[in-house]
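> Need a 3D model of the sequence below.
(one chain, ligands or ions: 3)
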Amino acid sequence: MDTAIESLGVARIPSPLKHVQHVTDDECILYDSSARNVEQQIREGQTPVSFMKAGPRDFMYFDPSKLKCAVVTAGGLCPGLNNVIRAIVLTLYYSYGVRNVLGIRYGFQGLVPQYGHPILELTPKSVGDIAELGGTVLGSSRGPQSVEDMVDALERMNVGILFAIGGDGTMRAVSKICEGIRNRNAKISVIGIPKTIDNDISYMSRSFGFNTAVTVAAEVITAAHVEATGSPNGIGLVKLMGRRAGFIASYAALAKRDANFVLIPESDFDLEGPHGFLAVLEKRILDRKHAVIVVAEGAGQQYAHGEGTDESGNPRLGDIGIFLKEAIDEYFKGKGIELNLKYIDPSYTIRSVEATSDDAIFCTFLAQNAVHAGMAGKTNMVVGNWRDEYVYIPVDLVITGRKQVELDGKLWSSVLEATGQPSFKP
Ligand SMILES: Nc1ncnc2c1ncn2[C@@H]1O[C@H](COP(=O)(O)OP(=O)(O)O)[C@@H](O)[C@H]1O
Ligand SMILES: O=P(O)(O)OC[C@H]1O[C@](O)(COP(=O)(O)O)[C@@H](O)[C@@H]1O
Ligand SMILES: [Mg+2]
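Ligands and ions are numbered 1, 2, ... in the order given. Model (predicted):
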């Protein structure tokens with residue numbers, strides 16, 4: 001696993017950041033938390049895999065007085081986007097004295113002239129109160145753009161550092177843009193800041209917006225429980241986001257311990273048959289007179305049947321929430337059992353809220369460390385959080401896979417323990 005960080009050149013300009021602790025490039029955080037694994041790697045003559053520690057460097061590659069930076073947000077919305085934008089602008093301005101920061105509108109569309117989106121000027125004043133707002137003040141979009149057009153725009157605007165805030169798709173775009181920059185031998189740094197409400201980016205212990213999403217989702221589970229216990233044979237069915245990963249559903253269920261069933265994309269389930277979900281649900285209703293079901297949007301796609309892909313190539317999912325609601329209603333009707341099912345889909349409500357303090361703090365750390373990396377001339381990398389430490393990770397490593405809930409791991413085992421749900425398989 002190559003964890004070396006690409007650099008535009010030697011950083012020679014002394015950093016103006018005097019009162020904070022600096023970090024050198026040879027300070028690293030071990031990838032593996034198991035001492036036994038690390039010892040074995042050393043015994044076998046390997047260098048244990050590690051990530052470069054994030055933080056301010058002694059020297060800068062860019063001269064702040066001449067530097068122009070740009071910020072772009074792409075992909076789906078996520079709580080905390082505005083916190084990151086604001087913290088990037090404030091760190092550039094106050095820590096490094098950079099006076100030129102551009103806001104690229106509507107994702108990568110903003111770098112392609114034919115869309116005609118105006119470029120925004122970002123100053124401490126213009127980003128003054130954006131942290132209380134949900135969404136992104138820059139706007140976002142999906143869909144690929146020509147790499148040549150985007151690199152042209154960066155060169156034309158004389159941008160030295162591009163901060164790209166987005167998910168796995170955005171990180172793939174960062175990799176392509178860096179390739180385009182390299183082919184032209186241009187001196188432009190691109191720094192990725194991982195955004196994913198689904199928490200599914202590889203090599204990231206955590207992503208911003210996730211804590212907020214779980215906090216709001218947990219409140220919705222409480223509402224579902226109130227509804228379920230409020231009428232005979234009540235069912236509260238909650239659909240949460242999570243296209244390929246069931247992290248929000250799993251953590252929200254653990255936060256409240258009111259969920260009796262958690263269905264996630266990673267864990268296949270049978271609907272029919274004596275061991276299937278409907279039969280198990282019937283037993284629960286007959287025994288306990290109520291049930292709370294939490295389903296991640298990417299679960300049960302063999303039943304919900306989505307079609308095609310969105311502009312970015314992500315699969316368009318079938319609506320498993322509506323599908324389950326109808327399947328459950330029909331099943332109990334067929335059995336002649338009274339049922340009171342309340343279906344709640346809070347997906348976009350959750351995505352649009354202001355970040356929790358915990359996420360807001362996290363956003364500040366990520367943004368500060370992104371700026372430190374860019375100023376030092378690092379590029380084609382992502383700021384990450386690995387086992388509670390801030391680190392720099394090559395983009396090309398991050399885009400090699402997607403993080404999912406491990407079915408033999410601690411999280412899922414804890415969910416199974418908390419719900420008592422079976423496997424829904426013979
Ligand atoms: N391989 C790629 N090359 C260039 N651009 C890409 C690539 N993959 C994704 N993108 C672009 O990155 C942006 C964000 O991607 P998307 O998947 O919508 O969201 P997210 O970044 O949240 O995963 C979109 O404009 C998309 O077209
Ligand atoms: O309706 P949209 O904007 O396509 O977003 C829906 C998707 O966005 C997400 O919240 C996050 O996905 P991204 O990583 O693509 O931003 C998914 O959970 C969800 O499937
Ligand atoms: Mg994505």
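> so what are the domain limits for the chain?
6-207+354-398, 212-352+407-419 (automatic domain parsing).
> Mind checking these for the one nearest to Pro426?
In terms of C-beta to C-beta, the element of the domains of the chain nearest to Pro426 is domain 212-352+407-419, at 5.1 Å. No exception for glycine: its C-beta is placed from N, CA and C like everyone else's.
> near ligand 3 at all, that closest one?
No: on the criterion C-beta under 5 Å from the ion, domain 212-352+407-419 is out of touch with ligand 3, staying 6.2 Å away.
> how about low-confidence regions in the stretch 51-200 of the chain?
Along the stretch 51-200 of the chain, segments meeting pLDDT under 70 are nowhere present.
> Would you map the strands across it?
Secondary structure of the stretch 51-200 of the chain (DSSP state E, counting those that start in this stretch): strands located at 59-60, 68-73, 100-103, 120-121, 161-166, 189-194.
> hmm, back to that, switch the domains of the chain over to JSON lines; also include mean neighbour count.
What follows is the domains of the chain, written out as JSON lines (neighbours: other C-beta atoms under 10 Å):
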{"stretch": "domain 6-207+354-398", "mean neighbour count": "20"}
{"stretch": "domain 212-352+407-419", "mean neighbour count": "19"}
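> would you list the strands of the stretch 51-200 of the chain in a markdown table and tack on distance to Gly143?
Formatted as a markdown table, the strands of the stretch 51-200 of the chain follow (distance: least, C-beta to C-beta, whole Å):
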| stretch | distance to Gly143 |
| --- | --- |
| strand 59-60 | 35 |
| strand 68-73 | 14 |
| strand 100-103 | 19 |
| strand 120-121 | 20 |
| strand 161-166 | 13 |
| strand 189-194 | 18 |
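> right, is stretch 396-408 up against ligand 2?
No: applying C-beta under 6 Å from any ligand atom, one finds stretch 396-408 separated from ligand 2 by no less than 9.6 Å.
> ok so, going back, okay if I get the domains of the chain as a markdown table plus distance to ligand 1?
Formatted as a markdown table, the domains of the chain follow (distance: least, C-beta to the nearest ligand atom, whole Å):
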| stretch | distance to ligand 1 |
| --- | --- |
| domain 6-207+354-398 | 2 |
| domain 212-352+407-419 | 3 |
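> What residue in the stretch 251-400 of the chain comes nearest to ligand 3?
Nearest residue of the stretch 251-400 of the chain to ligand 3: Asn314, at 6.2 Å (C-beta to the ion).
> Touching, that residue and Thr170? I think so.
No: Asn314 lies out of contact with Thr170 (C-beta atoms under 8 Å); the separation is 12.0 Å.
> helices or strands next to the helix or strand containing Ala373 in the packing?
For Ala373, the element it lies in under DSSP states H and E is helix 357-375. Contact analysis of helix 357-375 by 3 or more C-beta pairs under 8 Å, 6 or more residues apart in numbering; DSSP states H and E lists helix 81-90, strand 161-166, strand 189-194, helix 210-229, strand 381-386, strand 389-394 as its packing neighbours.
> got the CA coordinates for that helix in CSV?
Extracted in CSV, the C-alpha atoms of helix 357-375 (Å, rounded to 0.1, in the frame of the first residue of the first chain):
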residue,chain,number,x,y,z
SER,A,357,-21.0,21.0,17.5
ASP,A,358,-19.1,17.7,17.3
ASP,A,359,-19.2,17.8,13.5
ALA,A,360,-18.5,21.5,13.4
ILE,A,361,-15.3,21.0,15.4
PHE,A,362,-14.3,18.1,13.1
CYS,A,363,-14.9,20.3,10.1
THR,A,364,-12.5,23.0,11.5
PHE,A,365,-9.8,20.4,12.0
LEU,A,366,-10.2,19.0,8.5
ALA,A,367,-10.2,22.4,6.9
GLN,A,368,-7.1,23.7,8.8
ASN,A,369,-5.2,20.6,7.9
ALA,A,370,-6.2,20.8,4.3
VAL,A,371,-4.9,24.4,4.1
HIS,A,372,-1.6,23.4,5.8
ALA,A,373,-1.2,20.7,3.2
GLY,A,374,-2.0,22.9,0.3
MET,A,375,0.3,25.8,1.5
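> what's the angle from that helix to strand 68-73?
Angle of helix 357-375 versus strand 68-73, following axes from the mean of the first three to the mean of the last three C-alpha atoms, to 10 degrees, is 140 degrees.
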